[in-house]
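Asks: Sequence and predicted structure are below.
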Amino acid sequence: MRGEIAITNYQWSQSPLLLADPMNKLIAGLLAVICLGSAGWLVREGDRETGAIVCVMGLLQVWAALMGT
């Protein structure tokens, strides 16, 4: 699944206007929620380093995909 997410983000980076489409915004939001939720779970399980990295990924997703357009 990580490959599909990377390809989707690459597609958005090559054509940022795709994020004007509500469906693409929804997908970006869901990816951010998944990252942030996973980060919380990792931190609760004691893997703070990985949780912090995944949290940063989720925040970057929010910033780049949702606030950048």
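Replies: Yep, it's here. Numbers count the residues shown, from 1 in each chain.
Asks: Where does the prediction get shaky in this structure?
Replies: 1-2, 68-69 (pLDDT under 70).
Asks: who's sitting farthest from the centroid in it?
Replies: In terms of distance from the mean C-alpha position of the chain, Gly46 ranks first, at 21.9 Å (C-alpha atoms, centre = their mean).
Asks: so is that residue in a helix, a strand, or just coil?
Replies: coil (DSSP: H, G, I helix; E, B strand; the rest coil).
Asks: And the one 5 residues further on, by the same measure?
Replies: In terms of secondary structure, Gly51 is helix; the call rests on three-state DSSP.
Asks: which ones are touching Leu31?
Replies: Counting by C-beta atoms under 8 Å, 6 or more residues apart in numbering, Leu31 touches 5, 8, 61, 65. The way it works is simple: take the backbone N, C-alpha and C, and place the C-beta from them, glycine included.
Asks: Where does it fall, secondary structure wise?
Replies: Element membership of Leu31 [criterion: DSSP states H and E] is helix 22-44.
Asks: Just the CA atoms of that helix, as PDB, please.
Replies: The C-alpha coordinates for helix 22-44 follow below in PDB (Å, rounded to 0.1, in the frame of the first residue of the first chain):
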ATOM      1  CA  PRO A  22     -13.000  17.200  -3.800                       C
ATOM      2  CA  MET A  23     -12.300  13.400  -4.200                       C
ATOM      3  CA  ASN A  24      -8.600  14.000  -4.200                       C
ATOM      4  CA  LYS A  25      -8.900  16.300  -1.200                       C
ATOM      5  CA  LEU A  26     -10.800  13.500   0.600                       C
ATOM      6  CA  ILE A  27      -8.100  11.000  -0.200                       C
ATOM      7  CA  ALA A  28      -5.400  13.300   1.000                       C
ATOM      8  CA  GLY A  29      -7.400  13.900   4.200                       C
ATOM      9  CA  LEU A  30      -7.800  10.200   4.800                       C
ATOM     10  CA  LEU A  31      -4.100   9.500   4.200                       C
ATOM     11  CA  ALA A  32      -3.300  12.200   6.800                       C
ATOM     12  CA  VAL A  33      -5.700  10.700   9.300                       C
ATOM     13  CA  ILE A  34      -4.200   7.300   8.800                       C
ATOM     14  CA  CYS A  35      -0.700   8.600   9.300                       C
ATOM     15  CA  LEU A  36      -1.700  10.600  12.500                       C
ATOM     16  CA  GLY A  37      -3.600   7.700  13.900                       C
ATOM     17  CA  SER A  38      -0.800   5.300  13.200                       C
ATOM     18  CA  ALA A  39       1.600   7.700  14.900                       C
ATOM     19  CA  GLY A  40      -0.500   7.800  18.000                       C
ATOM     20  CA  TRP A  41      -0.700   4.000  18.100                       C
ATOM     21  CA  LEU A  42       3.100   3.700  17.700                       C
ATOM     22  CA  VAL A  43       3.700   6.200  20.600                       C
ATOM     23  CA  ARG A  44       1.200   4.400  22.900                       C
END
